[in-house]
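K.L.:
Quick one: sequence and predicted model below, then my questions.
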Amino acid sequence: MKNKLLFLSFFVISLLSFGQCPTTFPDFTTQAQVDDFIIQYPDCTEIDGYLSITGNDITNLNGFSNITEIGFALMVSNADALVNFEGLNTVETIGWLMITNNDNLENFNGLENVTTIIYPAEGFDIINNSVLTDISGIENAVLDVINLPLYIQDNPNLAECSISNICTFLENGGGHLIFGNANGCNSETEISANCILGVPENQSGYEILVYPNPVSEKLTIQVSDAVVPRVEVYSLMGEKLVSTSEMVLDLSNMANGIYFVTVTTDRGTLVQKIVKE
């Protein structure tokens, strides 16, 4: 009887301890480690430490599909088989973000539910990801203009960085180092030029395109399902330089720099930064 009670006590303690989060988090270097995590800790939802993904055979992060918070950094580096962050779809909060040196990472899909960065002073790093083309998955994260340093560097195929949170961050003067990326995301100027500052309400079939941007000579305005009575170009100082109803503007004689284009239609007004180079 005594032995049976001891066995039952041990069994209950085992049940209570099984499934809780580990007290330390090693680097995850293999797919097997990732897959085993949800089996060993099925009730773990909050990681108090780092989540470090470094293995070059890791193809998915489904083993972390119960995690909602990563208390310190999400660090993914040299994970050369990983193409996105699917498996982290339930994560809402992270300490900070460090995504570096991933040869096959294509996009940030899987991070759409991240809205909070706890320790912005530690940084938001997207560095040396050779085939990365899309970071819109992190668009819902609020970026702290006061404390957050933003690093987007040496991602040679990343041309589109004008997602809403980065646009707001740069517009409000957030600190950053941006270089070594594809045209369109190679500097603050290029990103800001593609950030739409004012957009008409979404309406079916209604779309305004302003291209190319940056522009050297001819700027084209393309509008679907609306009448365009006026296109205007303003300097950074607010001086009106062009006012026309033409849809192709010759800017070849304008000085290089940043300008604002407003497109007013019968369905709304768009304001967009452009770069003349």
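P.N.:
Cool, the structure landed.
K.L.:
Only C-alpha atoms from now on, for both contacts and neighbour counts.
P.N.:
OK.
K.L.:
quick one, strands of the stretch 51-200 of the chain?
P.N.:
51-53, 69-77, 93-100, 116-117, 124-127, 150-153, 176-179, 196-198 (DSSP state E, counting those that start in this stretch).
K.L.:
Which among those is found nearest to Leu249?
P.N.:
strand 196-198 (18.9 Å; Cα to Cα).
K.L.:
What is the subsequent helix or strand relative to that closest one?
P.N.:
Next helix or strand after strand 196-198 toward the C-terminus (DSSP states H and E): strand 207-211.
K.L.:
Between strand 207-211 and whichever helix or strand comes after that following strand, find me the angle.
P.N.:
Note on strand 207-211: by DSSP H and E, the next helix or strand toward the C-terminus is strand 218-224. Using axes from the mean of the first three to the mean of the last three Cα atoms, to 10 degrees, the direction of strand 218-224 lies 170 degrees away from that of strand 207-211.
K.L.:
one step back: mean pLDDT for the strands of the stretch 51-200 of the chain: which is lowest?
P.N.:
Of all the strands of the stretch 51-200 of the chain, the minimum mean pLDDT falls on strand 196-198 (a mean of 50).
K.L.:
Reformat the strands of the stretch 51-200 of the chain as TSV; add mean neighbour count.
P.N.:
Output for the strands of the stretch 51-200 of the chain, formatted as TSV (neighbours: other Cα atoms under 10 Å):
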stretch	mean neighbour count
strand 51-53	20
strand 69-77	20
strand 93-100	22
strand 116-117	22
strand 124-127	22
strand 150-153	22
strand 176-179	18
strand 196-198	15
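K.L.:
Out of the ones you listed, flag the one nearest Lys240.
P.N.:
Minimum separation from Lys240 across the strands of the stretch 51-200 of the chain (Cα to Cα) falls at strand 196-198, 17.5 Å.
K.L.:
any idea where the helices of the stretch 151-277 of the chain begin and end?
P.N.:
Using DSSP state H, counting those that start in this stretch, the helices of the stretch 151-277 of the chain run over residues 164-171, 188-193.
K.L.:
buried stuff in the shortest one?
P.N.:
Yep, that's helix 188-193 we're talking about. Going by neighbour count (16 or more other Cα atoms under 10 Å), the buried part of helix 188-193 is Glu188, Thr189, Glu190, Ile191, Ser192, Ala193.
K.L.:
And those residues, which is closest to Glu139?
P.N.:
Ile191 (14.3 Å).
K.L.:
any idea how far Glu171 is from the closest one?
P.N.:
Counting by Cα to Cα, to the nearest Å, the separation of Ile191 from Glu171 is 10 Å.
K.L.:
and what of Val261?
P.N.:
Distance, Val261 to Glu171, by Cα to Cα: 16 Å.
K.L.:
Mind putting the strands of the stretch 51-200 of the chain into CSV with distance to Val210?
P.N.:
Shown next, in CSV, are the strands of the stretch 51-200 of the chain (distance: least, Cα to Cα, whole Å):
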stretch, distance to Val210
strand 51-53, 40
strand 69-77, 36
strand 93-100, 32
strand 116-117, 33
strand 124-127, 28
strand 150-153, 25
strand 176-179, 24
strand 196-198, 10
